[in-house]
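> sequence and predicted structure, then a few things I'm wondering about:
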Amino acid sequence: MKLKSVAILLLVFASVVSNANSLNSLRDEILQSIIKYDAKIGVAVMINDTDTMTVNNHEKYPMMSVFKFHQALAVCDYMQKNGIALDSVLNISKDELRENTYSPLRDRYPEGNFGISISELMKYTLQMSDNNACDILFNRILSVKDTDKYIRSLGIDDFSIEMDENDMHENLDNCYSNWTTPMAAVHLINLFLEGAAVSGEYYDFIYRTMTECTTGTARLPYPLNNTGAIIGHKTGTGDKNSDGRYIGINDIGFIDLPNGSRYLIAVFVKDSAEDYETTERVITEISSVVYNSINNQ
């Protein structure tokens, strides 16, 4: 009996050592892949709810539209607790559709004065990163302050949401006030997937909307094309700051592989001096490295 117990302990120890070695190897490969870029790059990975790995997790990375995932969780939690249906309709005025900001919603309804369900507004934010839809949700459903408060109630601390899209549009420096560490973003995705944030139809809605995301196809999803993997993700894209660097180009998400493995990943690229396509390629390369490492284990 004792020999059997020792054997089991040795197997567990060997497995732990093997996983640690794999994660160290993955970290080294990521570090080698990003060294050539003039940018601050942060990465976090969680494999099957247990093993975690980070690169440059100490930095505060501007989320850009990644925070719309946080907003969707907060809005759905508020609706669930208050018995508000996803198909509840809001009437949108022309004044709420600001010009000079990215907004497919405004492009579709340039004259305003239309009704739209809250779920459709969230599709505009989660799938198309619509800035007007985002601020309508902040103004009509749950404020910026209450959104930040809700995420903290889930036990997430290494982040901050202080600005809406209009605040960031008026002063690009405000983009740095909405920040996260990569691991905080991964932990939030994990809480969502575990059902610790929202449940039922609200969970199903966010999950489905993220897996149908139409932005950032050249980022996390690109290396997964034709692999059979399912990916749900949320992108974030910023303008250039006063130094001519991209404030933030990001992607966070979850990936379910055909072999049954699941991993969560967050890649944030801050203050990039590279051009737009090259900065996106940073995320593509990291996604490829992580996928190959996990898929081949």
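Yep, it's here.
> tell me how far the ends of stretch 54-65 are from each other?
Terminal residues of stretch 54-65 are spaced 21 Å apart (C-alpha to C-alpha, to the nearest Å).
> flag every buried residue along that stretch.
Within stretch 54-65, the residues that qualify as buried are T54, V55, N56, N57, K60, Y61, P62, M63, M64, S65, counting by 16 or more other C-beta atoms under 10 Å. (C-beta placed from N, C-alpha, C; glycine too.)
> how about stretch 38-50?
Residues of stretch 38-50 classed as buried: A39, K40, I41, G42, V43, A44, V45, M46, I47 (neighbour count, 16+ other C-beta under 10 Å).
> please apply the same query to stretch 132-147.
So for stretch 132-147, counting by 16+ other C-beta under 10 Å, buried means N132, A133, C134, D135, I136, L137, F138, I141, L142, V144, T147.
> could you dump it to CSV, C-alpha only?
Written as CSV, here are the backbone C-alpha positions of stretch 132-147 (Å, rounded to 0.1, in the frame of the first residue of the first chain):
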residue,chain,number,x,y,z
ASN,A,132,-21.4,54.8,-29.7
ALA,A,133,-23.1,51.5,-28.7
CYS,A,134,-20.7,51.2,-25.8
ASP,A,135,-21.4,54.7,-24.4
ILE,A,136,-25.1,54.2,-24.8
LEU,A,137,-24.9,51.2,-22.6
PHE,A,138,-22.8,53.1,-20.1
ASN,A,139,-25.3,56.0,-20.1
ARG,A,140,-28.5,53.9,-20.2
ILE,A,141,-27.8,50.7,-18.3
LEU,A,142,-24.7,50.7,-16.1
SER,A,143,-22.1,53.5,-15.6
VAL,A,144,-18.4,53.3,-16.0
LYS,A,145,-18.0,53.5,-12.2
ASP,A,146,-20.4,50.7,-11.6
THR,A,147,-18.9,48.6,-14.3
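> what lies in contact with it?
Under the contact criterion C-beta atoms under 8 Å, 6 or more residues apart in numbering, stretch 132-147 has outside partners 65, 68, 70-71, 74-75, 78-79, 90, 92, 96-98, 101, 103, 105-106, 118, 121-122, 124-125, 150, 161-166.
> report the distance from stretch 93-105 to the chain centre.
24 Å (C-alpha atoms, centre = their mean, to the nearest Å).
> same thing with stretch 82-91?
With C-alpha atoms, centre = their mean, you get 25 Å for stretch 82-91.
> what does stretch 72-84 give?
What separates the centre of stretch 72-84 from the centre of its chain is 19 Å, taken as C-alpha atoms, centre = their mean.
> adjust the sequence numbering to begin at 881 for everything that follows.
In the new numbering, first residue 881, that becomes stretch 952-964.
> quick one: mean pLDDT over that stretch.
Taken as a whole, stretch 952-964 has a mean pLDDT of 98.
> pull it out as PDB, backbone CA atoms only.
This file holds the C-alpha atoms of stretch 952-964, laid out as PDB (Å, rounded to 0.1, in the frame of the first residue of the first chain):
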ATOM      1  CA  ALA A 952     -20.900  43.100 -21.300                       C
ATOM      2  CA  LEU A 953     -20.400  41.000 -18.200                       C
ATOM      3  CA  ALA A 954     -21.500  43.900 -16.000                       C
ATOM      4  CA  VAL A 955     -24.500  44.800 -18.100                       C
ATOM      5  CA  CYS A 956     -25.700  41.200 -18.300                       C
ATOM      6  CA  ASP A 957     -25.200  40.800 -14.500                       C
ATOM      7  CA  TYR A 958     -27.300  43.900 -13.900                       C
ATOM      8  CA  MET A 959     -30.000  42.700 -16.300                       C
ATOM      9  CA  GLN A 960     -30.100  39.200 -14.900                       C
ATOM     10  CA  LYS A 961     -30.400  40.500 -11.300                       C
ATOM     11  CA  ASN A 962     -33.100  43.000 -12.200                       C
ATOM     12  CA  GLY A 963     -35.100  40.800 -14.500                       C
ATOM     13  CA  ILE A 964     -34.400  42.800 -17.600                       C
END
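> thank you kindly, that will do.
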